[in-house]
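1. next come a sequence and a model predicted from it.
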Amino acid sequence: MISQFFVLSQRGDHIVFRDYRGEVPKGSAEIFFRKVKFWNEDEAEEAPPVFNIDGVNYVHVKVAGLFFVVTTMVNISPSLLLELLQRIARVTKDYLGVLNEDSLRKNFILVYELLDEVIDFGYPQTTSTEALKSYIFNEPIMVDAGRLPPLGPAAMFMQGTKRMPGTAVTKSVVANEPGGKKREEIFVDIIEKISVTFSSSGYILTSEIDGTIQMKSYLSGNPEIRLALNEDLGIGKNSSSTHDYRSSSGGGSVVLDDCNFHESVQLDSFDIDRTLHLIPPDGEFPVMNYRMTQEFKPPFRVTALIEEAGPSRAEVLLKIRADFPANVTANTITVQMPVPSYTMRASFELEAGAVGQTTDFKEGTRRLEWNLKKIVGGSEHTLRAKLTFSQESHGNLTKEAGPVNMNFTIPMYNASKLQVRYLQIAKKSKTYNPYRWVRYVTQANSYVARL
Amino acid sequence: MAPTAPSPAKSASPSQPSGKSEVSDLKQQLRQLAGSRAPDADDQRRDVFKRVISCMTAGIDVSAAFGEMVLCSATSDVVLKKMCYLYVGVHARAHPDLALLTINFLQRDCRDQDPTIRGLALRSLCSLRVPNLVEYLVTPLTTGLKDPSAYVRMVAAVGAAKLYHISATTCLDADLPAALKALMLSDPDAQIIILTLPCHMTIFTCPIISTTFAIKRTFGFGTSWHEEEEEVSLDGQVVANCLHSLLEIWTLEAANSEAAGREIETLYSKPVVFYLLNKIKEFSEWAQCHVLELASKFIPSDNNEIFDIMNLLEDRLQHANGAVVLATIKVFLHLTMSMTDVHQQVYERIKAPLLTLVGAGSPEQSYSVLCHLHLLVMRAPMLFSSDYKSFYCQFSDPSYVKKLKLEMLTAIANESNTYEIVTELCEYAGNVDVPIARESIRAVGKIALQQYDVNAIVDRLLQFLEMDKDYVTAETLVLVKDLLRKYPQWSHDCIAVVGNISSQNIQEPKGKAALIWMLGEYSQDMHDAPYVLENLVDNWDEEQSPEVRLHLLTAVMKCFFKRPPETQKALGATLAAGLADTHQDVHDRALFYYRLLQYDPAVAERVVNPPKQAVSVFADTQSSEIKDRIFDEFNSLSVVYQKPSYMFTDKEHRGTFEYSEDLANLTVGADAPETVISAQRYQENDNDLLLSTSDKEDNGIRSSNGSYTSTYNAPSDLLSSQTPAETALINPSSSTYSTQTNFSLDDLLGLGVPDASAPPPPPALALNSKPVLDPATFQKKWGQLALSFSQECSLSLQGAASLMNPQSLIRHMQSNYIQCIASGGQPPNYKFYFYGQKAGAAAFYLVECIVNTASAKAQLKIKAEDGTTAEAFSTLFQSVLSQFGHS
């Protein structure tokens, strides 16, 4: 039973505030905000998503820089509340097109309307964008998406490639197009977050891919869709490890550890031909989540060296090699490396002819930061840095610095080799031929090289 | 930071942040618009309404505009209506008379042609929360429950619970629960109580053939589920809402009536549970969670039912919604509690889905799932030992996630993976994130304490000391100390390294205390121990931490017994400083040592520096009782907080699924006699290891020397009879002791000598000092025996006040040969089951004792196997109980 739901801005302003049961004392939003803002300040720890103050349980998620919060007095499932909060954020995004402080403020009446239907007396009701349509009467007020910093996984497509219409993914499921007619289209995004840890000698210590096949449908009339994946897709680590291990290193079949599905997905023939059948509901939703720990080729090789160069000096060498095809380009790459706490200064030396690269020494956190706008597949980049210490270093420099952490986005590339073979839409008529967008993207989740 | 800043109303007069004049401005505009028939009046009203709600959201009091809002609510514009209802719902309570004005509109709307309007009006009507308007709710609710539109029925079902909260009697008088129940079970198939399983789906089968069956992987079955389209039918939600309301109403009502208790039992009964499970796919994912929660409390009558339920729900484990998966897992875990091997298979089956959920969602979602994984890992670490890589910390993990992962890594370390885990943990020790670095070092230490082969780990720990980082050194010292308590054989290697650490370099009390402990404990092996300690004593006044000073006292004592000539001077200074200390504990310990030395140095040595047994197991910080409690509350906030719900929720909000407390659920075992004496087994609480060491040493003496008073009184006797202290101290083995009695003893004479307490009146009935009765027999006897006595007696006020936890009373009763078999509750109510046995006879006396500390009263129910002595036992029990708190 949920007592209250509210959305707070980063400054703690109430954007919406709904009390469902009238049992939580006044001022809960302020209590919550103060707690989150000043959670264990000395150790700079982040507040956990669930905490209890004076018998009130506060559960929150951060979406688009906003706090989505519910309070409850009873001991209920935290996962239910967290999933619900995410879902409310998603439904709101479906309606508003863009989810951020501005769009929420402009449409707060619509959000109240949604909240009225989504939760009644603290009990979650329906969260299906489609089912909610008949109860929502406000028209969304659109905000200009172009001006705003892009948010969410779909946003990454807007910067790198010009292949998709940028506005399509930020349009509301209910708003009408200026032309009056809705464009029939469907987006399927294969988004992979990869985690790799390299040992100091360059071996891969751990690697994991957490992937999602995300769908966003603007098709009218709910046609059935068939989504075919790799025919030789294996599922279950144990089921195939015996015979697949050898072939997988040669780039053979893809073996997922495990996966789960959206409830609209029918798996009738999944065992036979690895095809998912579904009638996609309106709005954005994950068709399938999967996890893979099978070995894969990491997109980047990172080497980092730190060496003493005189009594209170050291030299750092960072090298990145892009191990993916030349027709693929990674963008917004950040490489960070913590350096010894007694580092005073750092001077950088980029390679000759470097374009779109910046470097920085963050004094507060004692980190070197190296930003690259893009990296073309197959290329290699190096950065040298000279460090000046305030004292003589004692002992082992490699214990005082690192590990190197890297962030990046690679559009039109997926590390797991999971493919959508085809996306078939049940035809309504001969002329019916909606736009289909199948897009891949790989992001770094935790990409670490130890010294 | 200005969290209360009312900024959403940007469009409206930002120059008047108080909102006062803004409200009057809005009022005026509303008044103008109230009767307006201008073509754009609705648009204007929308604008003003929006501003009112915007102010309301920002926390500005707009209740003054109530009348005007109501006047404007007569409109056919749905958007306006909704805004108005939202406003009225928030403010009606403060304006019950004005709220009456809205009733008319709402009631009319409840009869509207459009089901959406009907539903909306009914929901708003029930949300008014005005007690004197309840009469207007009954008819719309009763009609609403029978409405042809599922949407209206869905709203009405929740409305019934709302009405119950405003006026329980109105709700019950109108017989709404019965209507809800009828609606919930209205499906024609309601009578069928067999689970309709897809025929070829047998994944879980009887354990008899369990050797041959492996749990089928997720994709082994073909046509298992046919979702009814993607649009979850509203009928499912109607049923779900009925269930919500019924559970809420009956749970609250159960306190007053037994009939309600029976109603709840019906909800947990087979027909209802099976009926709902059969429909599970018609429910929205949120309602599924609720039904699954209900199912997890269902008690199946045989194993086939268990397997049927599990096979039916198997596919829920691959749902993308983590809440559904966790709710399903709870059903599986609870159903299989009594079947060890199937239970274990369930663990194996749920591992992969849980790990996928950890990776799939937002950090917050994965946190909740990880908390549950943490609970499972802690319960069955072996089952996860091969998955250790999944628990490695990732760069992007927030620190609350990293902490959980470190604990899991610690728990699952075993012979096969320790090397990898410790290597990984050592990487974190140099982490820029200091709290995590600390936790990692602690984790390494804990693993060392669990393992047999600690050789390599000790080396790593000692390497930490070479890192020369303040916090690393401090943490490592604490660990080395613990390690030495368990593996004294490592002392030589460790001492060599520890000896090189200068105490000046350690700032943190815990680390310093650990170093001092080692200096005291191993002063025979550390060459300059007396001099290091002496230095520390010289700086006594600068030492901030009482913990460090306490340890210094003890360490100097130990050192003195080992190397008297070198330490003598330091000891005198230490005791003097300790006696002058402002901290009560430090002062008391110094005084205690001082008197002990006066009484007999040999005894003092036995107390302070007895030969130590290596600690075999460090006690867990949480009792198994609490852990089981949390496990019972799987898929709830308890798991995240790692506390059972009674520790963070008040009774009325304990939730609809809470277990009732009765004999069957009271935990047994934690208070059994053998665990109470565990003090001598050196089972220490990890939280403050060192302090408790010495406390427990004291305990040990207390029990070995007979009674506490005898040792304690001795020196005062000596002093009061003017016997020179020296006579007691002259001891052939160490004549050096005598010289340190050079402070004024007179100051100390008046202190701390306890009055001999009055001996308890001799019991009329002799009880067996060590009766043995196991819980099952107790329960059986309790069920068979008739009640001998039932009465109320009072506790002394001191007794009531000192009953902070059940343990204190249990110990008291135990000292009078009355044993506790089960206890429970929290302040102010405790419930105990005691038993005693007549000395030299087989007859048992059983007691149920409910204590309320607020009223200092106890309700007793006594059952006796030997009726003739029942009264004597009752008298004895009451007299013992009344003495509680005096001794």
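-> Received it, and whenever you're ready, just let me know what you need.

2. C-alpha only now, for contacts and for neighbours.
-> OK.

3. next, residue 269: phi, psi?
-> Let's take chain A. phi -110, psi 20 (degrees, to the nearest 10).

4. burial count for it?
-> Neighbour count of residue A:269, defined by other C-alpha atoms under 10 Å in any protein chain shown: 14.

5. so the nearest residue to it once chain neighbours are set aside bridges to which residues?
-> Once flanking residues are discounted, residue A:269 sits nearest to residue A:275: 6.2 Å by C-alpha to C-alpha, 6 or more residues apart in numbering or on different chains. With DSSP bridges as the criterion, residue A:275 is bridged to residue A:228.

6. for the residue most central in space within chain B, give me its contacts.
-> Chain B has residue B:643 as the residue nearest its centroid, 1.3 Å off, counting by C-alpha atoms, centre = their mean. Contacts for residue B:643 (C-alpha atoms under 8 Å, 6 or more residues apart in numbering or on different chains) come out as B:626, B:630.

7. 10 Å instead, please
-> Listed by C-alpha atoms under 10 Å, 6 or more residues apart in numbering or on different chains, the contact partners of residue B:643 are B:622, B:626-627, B:629-630, B:633, B:637.

8. go on, residue A:118?
-> Contacts for residue A:118 (C-alpha under 10 Å, 6+ apart) come out as A:84, A:87-88, A:91, A:112, A:124-128, A:132.

9. and what of residue B:42?
-> Contacts of residue B:42 (C-alpha under 10 Å, 6+ apart): B:33, B:36, B:48, B:72, B:75-77, B:79-80.

10. for my notes, confirm it occurs in a helix.
-> Yes: according to DSSP: H, G, I helix; E, B strand; the rest coil, residue B:42 belongs to a helix.

11. pull up the gap between it and residue B:36, please.
-> Separation of residue B:42 from residue B:36 (C-alpha to C-alpha, to the nearest Å): 9 Å.

12. quickly list what's touching both of those two.
-> Common contact partners of residue B:42 and residue B:36 (C-alpha under 10 Å, 6+ apart): residue B:72.

13. tally of neighbours for the residue nearest to residue B:616 when sequence neighbours are not counted?
-> Spatial nearest neighbour of residue B:616, chain neighbours left out: residue B:486 (6.2 Å); criterion: C-alpha to C-alpha, 6+ apart. Close neighbours of residue B:486, defined as other C-alpha under 10 Å, add up to 19.

14. residues contacting residue B:486?
-> Taking C-alpha under 10 Å, 6+ apart, one finds B:448-450, B:480, B:613-618 in contact with residue B:486.

15. show me where pLDDT drops low in the stretch 351-451 of chain A?
-> A:394-395 (pLDDT under 70).

16. residue of it nearest chain B, please.
-> residue A:446 (5.1 Å; C-alpha to the nearest C-alpha).

17. run through the residues that contact residue 141.
-> Here I'm looking at chain A. The contact partners of residue A:141, taken as C-alpha under 10 Å, 6+ apart, are A:95-97, A:103-104, A:106-108, A:110, A:172, A:175.

18. could you do chain B instead?
-> Contacts for residue B:141 were tallied using C-alpha under 10 Å, 6+ apart; they are B:110, B:122-123, B:125-126, B:147, B:152-153, B:155-160, B:163, B:171, B:174, B:176.

19. quick revisit: who wins on neighbours among the contacts of residue B:42?
-> residue B:80 (23 neighbours).

20. one step back: is it true that the residue of the stretch 351-451 of chain A closest to chain B lies in a helix?
-> No: judged by three-state DSSP, residue A:446 forms no part of a helix; its state is strand.

21. just list the residues touching it, thanks.
-> Per C-alpha under 10 Å, 6+ apart, neighbours of residue A:446: A:193-197, A:207-208, A:405-407, B:393-397.

22. please redo it, this time with the cut-off set to 6 Å
-> Neighbouring residues of residue A:446 by C-alpha atoms under 6 Å, 6 or more residues apart in numbering or on different chains: A:195, B:394-396.

23. residue B:361: which of those is nearest?
-> Comparing the contacts of residue A:446 against residue B:361 with C-alpha to C-alpha places residue B:396 closest, at 13.8 Å.

24. checking that closest one next. Helix, strand or coil?
-> Here residue B:396 takes the coil state, with states given by three-state DSSP.

25. any figure for the gap between it and residue A:405?
-> From residue B:396 to residue A:405 the distance is 9 Å (C-alpha to C-alpha).

26. neighbour-wise, which of those two wins?
-> The neighbour comparison of residue B:396 against residue A:405 (other C-alpha under 10 Å) goes to residue A:405, with 22 against 15.

27. and the more buried one, what does it touch?
-> Residue A:405 neighbours (C-alpha under 6 Å, 6+ apart): A:335-336, A:447-448.

28. wait, what's in contact with the residue nearest to residue B:428 when sequence neighbours are not counted?
-> Of all residues not flanking residue B:428 in the chain, residue B:437 sits nearest, at 5.5 Å (C-alpha to C-alpha, 6+ apart). Residue B:437 is in contact with B:428-429, B:431, counting by C-alpha under 6 Å, 6+ apart.

29. 8 Å instead?
-> B:428-431, B:472.

30. got a markdown table for those residues, with pLDDT, neighbour count and secondary structure too?
-> Shown next, in a markdown table, are these (pLDDT from 0 to 100; neighbours: other C-alpha atoms under 10 Å in any protein chain shown; DSSP: H, G, I helix; E, B strand; the rest coil):
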| residue | pLDDT | neighbour count | secondary structure |
| --- | --- | --- | --- |
| B:428 | 87 | 21 | helix |
| B:429 | 82 | 24 | helix |
| B:430 | 74 | 24 | coil |
| B:431 | 72 | 20 | coil |
| B:472 | 85 | 23 | helix |
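
31. between these, which is nearest residue A:311?
-> residue B:430 (22.3 Å).

32. neighbours around residue A:220, how many?
-> 12.

33. might one say that it is in contact with residue A:184?
-> Yes: using C-alpha atoms under 8 Å, residue A:220 is in contact with residue A:184, at 6.9 Å.

34. now residue B:265: how far from residue B:246?
-> Taking C-alpha to C-alpha, one finds residue B:265 at 12 Å from residue B:246.

35. look at those two and report which has more neighbours.
-> residue B:246 (27 against 13).

36. isn't that one up against residue B:176?
-> No: applying C-alpha under 8 Å, one finds residue B:246 not in contact with residue B:176, separated by 9.4 Å.

37. which ones are touching the closest residue to chain B within the stretch 251-400 of chain A?
-> Nearest to chain B, among the residues of the stretch 251-400 of chain A, is residue A:260, at 4.5 Å (C-alpha to the nearest C-alpha). Residue A:260 makes contacts with A:288-290, B:318-320, B:353, B:356, as judged by C-alpha under 8 Å, 6+ apart.

38. up against chain A, what does the stretch 351-500 of chain B have?
-> B:352-353, B:356, B:359-360, B:364-365, B:367-369, B:389, B:394-396, B:398-400, B:430, B:432, B:434-435, B:467 (C-alpha under 8 Å from any C-alpha of the partner chain).
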